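*Asks:* Provide a 3D model corresponding to the input given below.
(one chain, ligands or ions: 1)
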Amino acid sequence: MTAPCGHRRYFDNAATSWPKAPPLASTMRRWVDLVAASPGRGAYREVQEATEVMDRCRERLSSLIGATHSNSIVLTLNCTDALTLAIDGMARHARRSGRPVHMVTSMLDHNSILRPLHGLESDGVRMTVVPVDQQTGRIDPDDVSDAIESDTILVAMHHGSNVSGTLQPIAEIGARCRHHGVPFLVDAAQTLGRRHIHIDAMNIDLLAFPGHKSLLGPLGTGGLWIRPGLEDVIDPVRLGGTGSRSDLPVQPTELPDRYEAGSHNMPGIAGLDAALGWMLDQRESLFKREQRVTEWMLDRLLAIDNIQIIGPTTPDLRCAVFSLTCDHLSPFELADALEAHDVLTRAGLHCAPFAHQTFGTLDRGGTLRLSAGSLTTNDDVEAAMDALATTVSQSTKVALAI
Ligand SMILES: Cc1ncc(COP(=O)(O)O)c(C=O)c1O
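*Replies:* Got it, this is the predicted structure:
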């Protein structure tokens with residue numbers, strides 16, 4: 001496996017994974033170069049094959065999360081699209097019945113939850129943002145219980161933080177939501193494909209995920225699993241042709257067509273399906289490797305002077321998404337210096353402004369983020385950690401010499 005652009009070491013897997021699953025490229029190429037078919041549109045053999053691939057993709061996703069009805073998986077363009085469908089769809093339905101609407105999220109959540117929630121405030125939807133522990137970033141499930149009010153219709157929270165790598169106690173938060181009868185939407189952008197997720201064991205009602213991160217699929221893919229029955233309280237947010245029930249001038253009510261108006265990203269879905277087929281065969285070893293890389297990177301980072309690691313310093317509370325600050329370099333200077341060593345990282349707020357408010361990193365422009373993926377090589381980890389240690393030590397010498 002080579003690094004992007006020949007020798008560059010990719011540590012921005014929290015944005016999108018690289019390398020992708022081995023069978024992805026040839027599968028996608030076939031759906032671009034050789035097969036013309038839009039699923040559900042027509043009955044010729046190629047369309048039937050496209051429909052079969054799409055069905056298999058839903059089945060593979062279902063088996064990964066422990067779902068029994070594959071039609072409860074709505075294919076979306078990314079995780080944002082899935083979160084918007086759940087949040088806006090539920091708000092739209094509740095407001096139609098004239099009820100007051102309140103939703104709950106946390107300080108560590110991504111703008112793909114915060115922005116839809118803030119966007120609804122002008123429509124009278126209220127929100128509560130639950131605090132997190134300032135060191136680890138962990139949410140206390142009791143704080144979620146306390147935030148739930150009589151008109152709360154949704155609790156929406158991430159499983160893994162894209163800033164601090166913190167893993168949240170999802171099963172416990174879900175149990176509190178169950179107790180109060182409030183649906184629980186989990187943003188698994190950073191975890192599906194890295195860690196085990198079981199929708200029943202973790203008390204999840206709605207699971208939003210990208211196909212292009214740890215599932216090792218292509219950009220432009222994602223999905224939302226909806227607990228059967230909840231579709232009754234989620235209005236579609238996109239209306240239009242589905243290739244089914246074309247006699248109806250209104251959106252079909254059957255899943256998944258209720259939420260899948262418009263032509264599909266067939267090359268992307270075929271690529272995701274191929275990636276899932278490959279990934280499911282070796283998921284246990286991929287999950288174990290992610291845990292080993294998390295421990296290894298954490299050990300190396302904790303041994304570097306003059307940097308501060310954001311979030312948990314025990315491996316079992318985190319995934320391999322690391323944010324840090326450096327005494328003598330801004331996150332942007334550090335990212336530039338690392339790029340000079342061909343190590344690709346990301347500096348800034350990572351679309352999660354409240355997280356930086358919590359960790360005290362807002363004023364310095366955020367953090368430097370290094371995120372490994374399932375297929376990051378040992379050689380890449382060694383090289384990136386060495387480059388970071390060298391860069392930080394040189395910056396310290398320069399600062400002390402001034
Ligand atoms: C925690 C979290 N949620 C949601 C998203 C949005 O995912 P997507 O880029 O697939 O829309 C991201 C993206 O980085 C994320 O890290």
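*Asks:* Run a quick neighbour tally on the one residue in the stretch 251-400 of the chain that gets nearest to the ligand.
*Replies:* Closest residue of the stretch 251-400 of the chain to the ligand, CB to the nearest ligand atom: C351 (6.4 Å). Placement of C-beta: from N, CA and C, glycine included. Residues lying near C351 (other CB atoms under 10 Å) number 16.
*Asks:* From S164, how far off is the closest residue to it other than its chain neighbours?
*Replies:* Of all residues not flanking C351 in the chain, N111 sits nearest, at 4.3 Å (CB to CB, 6 or more residues apart in numbering). Distance of N111 to S164, computed by CB to CB, to the nearest Å: 16 Å.
*Asks:* Neighbour count: those two, which is higher?
*Replies:* Using other CB under 10 Å as the criterion, N111 and S164 rank with S164 on top: 31 against 17.
*Asks:* Contact partners for that one?
*Replies:* 108, 136-137, 310-312, 318, 321, 323, 355, 359 (CB atoms under 8 Å, 6 or more residues apart in numbering).
*Asks:* Leaving out sequence neighbours, find the closest residue to it.
*Replies:* Using CB to CB, 6+ apart, the nearest residue to S164 is G311, at 2.8 Å.
*Asks:* Kindly reformat the contacts of S164 as a markdown table containing pLDDT and distance to R194.
*Replies:* A markdown table is the format used below for these (pLDDT from 0 to 100; distance: CB to CB, whole Å):
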| residue | pLDDT | distance to R194 |
| --- | --- | --- |
| L108 | 98 | 17 |
| T136 | 98 | 18 |
| G137 | 98 | 17 |
| I310 | 98 | 18 |
| G311 | 98 | 15 |
| P312 | 98 | 15 |
| R318 | 98 | 11 |
| V321 | 98 | 9 |
| S323 | 98 | 16 |
| A355 | 96 | 19 |
| F359 | 97 | 22 |
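*Asks:* Contacts only, for V104.
*Replies:* Here V104 is in contact with 127-130, 144, 147-148, 152, 154-157, 182 (CB under 8 Å, 6+ apart).
*Asks:* Which two of those have the greatest separation?
*Replies:* V129 and V182 (15.9 Å; CB to CB).
*Asks:* of those two, who's got more company?
*Replies:* Between V129 and V182, counting by other CB under 10 Å, V182 is the more crowded of the two (20 against 16).
*Asks:* Write out the residues of the chain neighbouring the ligand.
*Replies:* Contact residues, the chain versus the ligand (CB under 6 Å from any ligand atom): 14-15, 78-80, 110, 112, 158, 162, 187, 189-190, 210, 222.
*Asks:* mind putting those in JSON lines, neighbour count and pLDDT included?
*Replies:* Formatted as JSON lines, these follow (neighbours: other CB atoms under 10 Å; pLDDT from 0 to 100):
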{"residue": "A14", "neighbour count": "27", "pLDDT": "98"}
{"residue": "A15", "neighbour count": "17", "pLDDT": "98"}
{"residue": "N78", "neighbour count": "22", "pLDDT": "98"}
{"residue": "C79", "neighbour count": "27", "pLDDT": "98"}
{"residue": "T80", "neighbour count": "21", "pLDDT": "98"}
{"residue": "H110", "neighbour count": "24", "pLDDT": "98"}
{"residue": "S112", "neighbour count": "24", "pLDDT": "98"}
{"residue": "H158", "neighbour count": "30", "pLDDT": "98"}
{"residue": "N162", "neighbour count": "27", "pLDDT": "98"}
{"residue": "D187", "neighbour count": "30", "pLDDT": "98"}
{"residue": "A189", "neighbour count": "27", "pLDDT": "98"}
{"residue": "Q190", "neighbour count": "29", "pLDDT": "98"}
{"residue": "P210", "neighbour count": "30", "pLDDT": "98"}
{"residue": "G222", "neighbour count": "28", "pLDDT": "98"}
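*Asks:* Among these, which are located in helices?
*Replies:* 79-80, 112 (DSSP state H).
*Asks:* Could you find the closest non-adjacent residue to the residue nearest the centre of the chain?
*Replies:* The residue lying closest to the centre of the chain (CA atoms, centre = their mean) is A189, at 0.8 Å. Among residues not flanking A189 along the chain, C79 sits closest, at 4.4 Å (CB to CB, 6+ apart).
*Asks:* my guess is that neighbour meets G220, correct?
*Replies:* No: the pair C79 and G220 fails to qualify as a contact (CB atoms under 8 Å) at a distance of 11.7 Å.
*Asks:* how does the protein divide up, domain by domain?
*Replies:* 9-21+283-401, 24-281 (automatic domain parsing).
*Asks:* any idea how far the shortest one is from the chain center?
*Replies:* Think domain 9-21+283-401. On the basis of CA atoms, centre = their mean, to the nearest Å, domain 9-21+283-401 sits 18 Å off its chain's mean C-alpha point.
*Asks:* which parts of the top helix by length along the chain are buried?
*Replies:* Using DSSP H, we find that the single longest helix of the chain is helix 378-401. Neighbour-count burial for helix 378-401 flags 380-381, 383-385, 387-389, 391-392, 395-396 (criterion: 16 or more other CB atoms under 10 Å).
*Asks:* Can I get the residues you listed in a markdown table including pLDDT?
*Replies:* Output for these, formatted as a markdown table (pLDDT from 0 to 100):
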| residue | pLDDT |
| --- | --- |
| D380 | 97 |
| V381 | 98 |
| A383 | 97 |
| A384 | 98 |
| M385 | 98 |
| A387 | 97 |
| L388 | 98 |
| A389 | 98 |
| T391 | 97 |
| V392 | 97 |
| S395 | 90 |
| T396 | 88 |
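*Asks:* Cool, thanks, talk later.
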